[in-house]
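Asks: Need coordinates for the following:
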Amino acid sequence: MLVYVAYDPRPPHLPVAVAGSPSELARLIGASRNTVSSMICRFQKGELKRSRYLAVEIEEDRHV
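Replies: Have a look, this model is predicted:
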């Protein structure tokens with residue numbers, strides 16, 4: 001499962017919002033979807049050393 005996370009830009013860089021899509025994350029933090037998606041893509045390509053927004057793969061617990 002892929003989730004989208006916004007991090008505080010100041011150390012210790014804690015998560016401030018988690019969402020199921022870039023659009024939802026953008027709405028939660030007051031940014032544009034294009035900004036969120038662009039920064040995630042640029043970070044994944046290696047164009048950025050650090051990003052305030054990341055796509056994170058998490059495993060679903062199927063033992064419920």
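Asks: which residue ranges form the helices in this protein?
Replies: 22-29, 33-45 (DSSP state H).
Asks: quick one, what contacts the closest residue in space to residue 20 that isn't next to it in sequence?
Replies: Spatial nearest neighbour of residue 20, excluding adjacent residues (CB to CB, 6 or more residues apart in numbering): residue 3 at 6.4 Å. All C-beta spots, glycine's among them, are computed from the backbone N, C-alpha and C. Contacts for residue 3 (CB atoms under 8 Å, 6 or more residues apart in numbering) come out as 18, 19, 20, 55, 56, 58.
Asks: Count the residues that sit near the fourth one.
Replies: The reference is to residue 55. 17 (other CB atoms under 10 Å).
Asks: Run through the bridge partners of it.
Replies: residue 4 (DSSP bridges).
Asks: got it, and the first one?
Replies: Here residue 18 shows beta-bridge partners residue 5, assigned using DSSP bridges.
Asks: what's the distance between it and residue 49?
Replies: 22 Å (CB to CB, to the nearest Å).
Asks: So for the two, which sits in the more crowded spot?
Replies: residue 18 (14 against 6).
Asks: Just to check, the more buried one is in contact with residue 4?
Replies: Yes. Under the criterion of CB atoms under 8 Å, residue 18 makes contact with residue 4 at 7.2 Å.
Asks: any shared contact partners between the two?
Replies: Common neighbours of residue 18 and residue 4 (CB under 8 Å, 6+ apart) are residue 25.
Asks: follow-up on the earlier one: TSV please, covering the helices of the chain and showing mean neighbour count, distance to residue 63 and mean pLDDT.
Replies: As requested, those are arranged in TSV below (neighbours: other CB atoms under 10 Å; distance: least, CB to CB, whole Å; pLDDT from 0 to 100):
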stretch	mean neighbour count	distance to residue 63	mean pLDDT
helix 22-29	18	27	98
helix 33-45	16	30	97
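Asks: still on that earlier bit, make a markdown table out of the contacts of residue 3 and add pLDDT and distance to residue 45.
Replies: Shown next, in a markdown table, are the contacts of residue 3 (pLDDT from 0 to 100; distance: CB to CB, whole Å):
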| residue | pLDDT | distance to residue 45 |
| --- | --- | --- |
| 18 | 98 | 23 |
| 19 | 98 | 22 |
| 20 | 97 | 23 |
| 55 | 97 | 13 |
| 56 | 96 | 17 |
| 58 | 93 | 22 |
